[in-house]
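Chemist: Below is the sequence, then the predicted model.
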Amino acid sequence: MSQRDDLERMLGRLDAEVESDLRDNPDPDAFWPAFAQKSNAVLEAAGPEHFDWVSSEVSAILHRHGVSAPEA
C-alpha cells in the first residue's frame with residue numbers, strides 16, 4: 001500500500017468522523033480542538049510531498065459538512 005493510499009484511508013476516516021464529532025461537540029470551542037488533533041495527524045503523515053493535497057482535502061471535508069474554519 002502506498003503512502004497516498006494510507007492518506008486517503010486516513011482522510012476517509014476523518015470525513016466519516018466529522019458528523020459524530022459535531023454531534024458530540026456542538027460548541028465550536030469543543031469541536032475545533034478535537035478536529036485539529038485528528039486532522040493534524042493526517043497532515044503530519046503527509047509530509048512535504050503530499051501536504052498541499054491533504055490540506056486541500058481537509059478543507060473540502062469541512063466544506064462538505066458545512067463547517068467554516070474559525071477566524072484567525
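Modeler: Great, that's in hand.

Chemist: C-alpha from now on. contacts and neighbour counts both.
Modeler: Will do.

Chemist: The most centrally placed residue in the chain: what's it in contact with?
Modeler: With distances taken as CA atoms, centre = their mean, Ser39 lies nearest the centre of the chain, 3.8 Å away. By CA atoms under 8 Å, 6 or more residues apart in numbering, Ser39 lies in contact with Leu14, Val58.

Chemist: what's the answer for Ala30, then?
Modeler: Counted by CA under 8 Å, 6+ apart, Ala30 has zero contacts.

Chemist: in the longest helix belonging to the chain, what's buried?
Modeler: For the chain, the helix that runs over the most residues, judged by DSSP state H, is helix 28-64. Neighbour counts over helix 28-64 (16 or more other CA atoms under 10 Å) mark 31-32, 35, 38-39, 42-43, 45-46, 54-55, 57-58, 61-62 as buried.

Chemist: measure the residue nearest to the centre of the chain to Glu19 for me?
Modeler: 14 Å (CA to CA, to the nearest Å).

Chemist: Then Leu43?
Modeler: 20 Å.

Chemist: Centre of the chain to stretch 51-62, how far?
Modeler: 7 Å (CA atoms, centre = their mean, to the nearest Å).

Chemist: Same question for stretch 3-12.
Modeler: In terms of CA atoms, centre = their mean, the centre of stretch 3-12 is set 12 Å apart from its chain centre.
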